[in-house]
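In: Take a look and give me a structure for this.
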Amino acid sequence: QLQLVESGGGLVQPGGSLRLSCAASGFTADYYAIGWFRQAPGKEREGVSCISSSGSVTNYADSVKGRFTISRDNAKNTVSLQMNSLKPEDTAVYYCAARRTSYCGTYFSAEYQYDYWGQGTQVTVSS
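Out: Modelled structure (predicted):
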């Protein structure tokens, strides 16, 4: 059974950091590009970042460039999202998703391109 499980969310003060993890099971994640999305209350889900199957290519939304870093460890079947300099507007449920291609592509934030989704982890940035 294909499954993605996110972890690492929580409450953090503005300017703080969190590291999210996405653990894949039931399939070999190193054949898949993996993306991170988020959905804030009352807003549509948006793409945050994506990493190619090899880890050599990464993409970021403009709103998180320079603050977030995506990485993967294919030996452990995990993808991480290091989030620094967090802002209140980063508050959202964060999801990881896998797509059956090795690349992310120009439109990496298009949800329809992803085949498997996790259940999400809450990130709250507040003082």
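In: got the contact list for the closest residue to residue 111 other than its chain neighbours?
Out: In space, and not counting its chain neighbours, residue 111 is closest to residue 45: 6.5 Å by Cβ to Cβ, 6 or more residues apart in numbering. C-betas here are computed from N, CA, C, even on glycine. Contacts for residue 45 (Cβ atoms under 8 Å, 6 or more residues apart in numbering) come out as 37, 38, 39, 95, 111.
In: I would like a PyMOL command selecting only the buried ones among those, please.
Out: Here is the PyMOL command that selects the buried residues among the contacts of residue 45 (16 or more other Cβ atoms under 10 Å):
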select buried, resi 37+38+95
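In: Flag the least confident of the contacts of residue 45.
Out: Within the contacts of residue 45, residue 111 has the lowest pLDDT, namely 94.
In: That residue and residue 47: what is the separation?
Out: 8 Å (Cβ to Cβ, to the nearest Å).
In: okay, and the common contacts of the two?
Out: By Cβ under 8 Å, 6+ apart, the residues touching both residue 111 and residue 47 are residue 37.
In: Okay, and the residue most central in space within the chain sits in which element?
Out: Central residue of the chain (Cα atoms, centre = their mean): residue 36, 2.2 Å from the mean position. Here residue 36 sits within strand 33-39, counting by DSSP states H and E.
In: mind listing what's buried in the helix or strand just after that strand?
Out: Later in the chain than strand 33-39, the nearest helix or strand by DSSP H and E is strand 46-51. Across strand 46-51, burial judged by 16+ other Cβ under 10 Å covers 47, 48, 49, 50, 51.
In: State the next helix or strand along the chain beyond strand 46-51.
Out: Next along from strand 46-51, by DSSP H and E: strand 58-60.
In: List the strands paired with that next one, with their directions.
Out: strand 46-51 (antiparallel) (DSSP bridges).
In: How far does the partner strand sit from its chain's centre?
Out: 6 Å (Cα atoms, centre = their mean, to the nearest Å).
In: Thanks again, I'm all set now.
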